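> sequence and predicted model, in that order:
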Amino acid sequence: MAEPVIESSGLTPGAAYDGRAAIYDRLVASRLYNRLAWGTDPQDYAAFADHAVDSGSGPLLDVAAGTAAATADAYRRSSRTIVLTDRSRDMLARAAQRVAAGGPVRSGVRFVQADAFALPFQPREFETVACLGFLHLVDDPVDFVGRLRSLIAPGGRVFCSSLVAATPIGTRYLRLLRRAGEVTAVRTADDLAELFSAPVRRRGSMAYLEAPA
């Protein structure tokens, strides 16, 4: 199979997750790890991705897409224009392989190496923006989601998920990651609901937010 085309917005290789994509991929996709660490299941992540994809028919942007462990199946089934971004080229290469699933990546799916805080897109360019498993890495989630909303056309929606303090094991794990500098804050699902004045669904230590543009 031909190597996937990964566009660049001017970033150089060597992002923080380059070289860590393989272990990240195994953990995110592992049912055992997610059950023990976070009290949840990758199938729930995939169901939220399905919901985001099924929410419209126009262009969809996936910010900080990682290796597409939870989203690849939905993207393969969809006929939407889809753009996946991540700062790590290694992550995007794995995402492209997963979306292709042994064949060529379908037309209408692009992979763009880009910083989540400096995305190279125009306002209102997308109908849907997804950013899954990332808000716990953001100092100011309200400002960040506001930036995502600026990319959404009227009537569109943003879909975000975040690890939160909920279960005893997950909360201890998040606090350890916070001390190690791997996450920026330890928030609860109620904290997110208050920040965004929107309902937040939670399963185990993963919270899900859906909001209009």
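Structure's in. What do you need? Everything numeric in this text was worked out from a predicted model, so none of it was measured. Numbering: from 1, shown residues only.
> contacts, neighbours, all on C-alpha from now
Noted.
> export the helix or strand where D44 lies to PDB, keeping only CA atoms.
Under the criterion of DSSP states H and E, D44 resides in helix 42-54. C-alpha atoms of helix 42-54 as PDB (Å, rounded to 0.1, in the frame of the first residue of the first chain):
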ATOM      1  CA  PRO A  42     -13.200   2.000  23.800                       C
ATOM      2  CA  GLN A  43     -16.600   1.000  22.300                       C
ATOM      3  CA  ASP A  44     -18.100   4.000  24.200                       C
ATOM      4  CA  TYR A  45     -15.400   6.300  22.500                       C
ATOM      5  CA  ALA A  46     -16.300   4.800  19.100                       C
ATOM      6  CA  ALA A  47     -20.100   5.300  19.800                       C
ATOM      7  CA  PHE A  48     -19.500   9.000  20.500                       C
ATOM      8  CA  ALA A  49     -17.400   9.200  17.300                       C
ATOM      9  CA  ASP A  50     -20.300   7.600  15.400                       C
ATOM     10  CA  HIS A  51     -22.700  10.100  16.800                       C
ATOM     11  CA  ALA A  52     -20.400  13.000  15.700                       C
ATOM     12  CA  VAL A  53     -20.100  11.600  12.200                       C
ATOM     13  CA  ASP A  54     -23.800  10.900  11.900                       C
END
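> check which residues of it are buried.
By 16 or more other CA atoms under 10 Å, the buried positions in helix 42-54 come out as P42, Y45, A46, F48, A49, D50, A52, V53.
> now the fifth one. Nearest residue, chain neighbours left out?
For A49, the nearest residue in space outside its immediate sequence neighbours is T71; the separation is 5.6 Å by CA to CA, 6 or more residues apart in numbering.
> what separation do you get for that neighbour and C131?
Separation of T71 from C131 (CA to CA, to the nearest Å): 11 Å.
> ditto for R87
In terms of CA to CA, R87 sits 13 Å off from C131.
> more crowded one of these two?
Using other CA atoms under 10 Å, the more surrounded residue of R87 and C131 is R87, with 27 against 23.
> and the residue nearest in space to the middle of the chain, backbone torsions?
With distances taken as CA atoms, centre = their mean, the residue of the chain nearest its centroid is L132 (2.7 Å). Dihedral pair for L132: phi -100, psi 130, per degrees, to the nearest 10.
> swap in V83?
Per degrees, to the nearest 10, the backbone of V83 is at phi -120, psi 120.
> following the strand ranked longest in the chain, which helix or strand shows up next?
Secondary structure of the chain per DSSP state E: the longest strand is strand 152-163. The first helix or strand that comes after strand 152-163 along the chain, using DSSP H and E, is helix 168-179.
> average model confidence for that next one?
Taken as a whole, helix 168-179 has a mean pLDDT of 97.
> how about that helix: buried residues?
Under 16+ other CA under 10 Å, the buried positions of helix 168-179 are G170, T171, L174, R175, R178.
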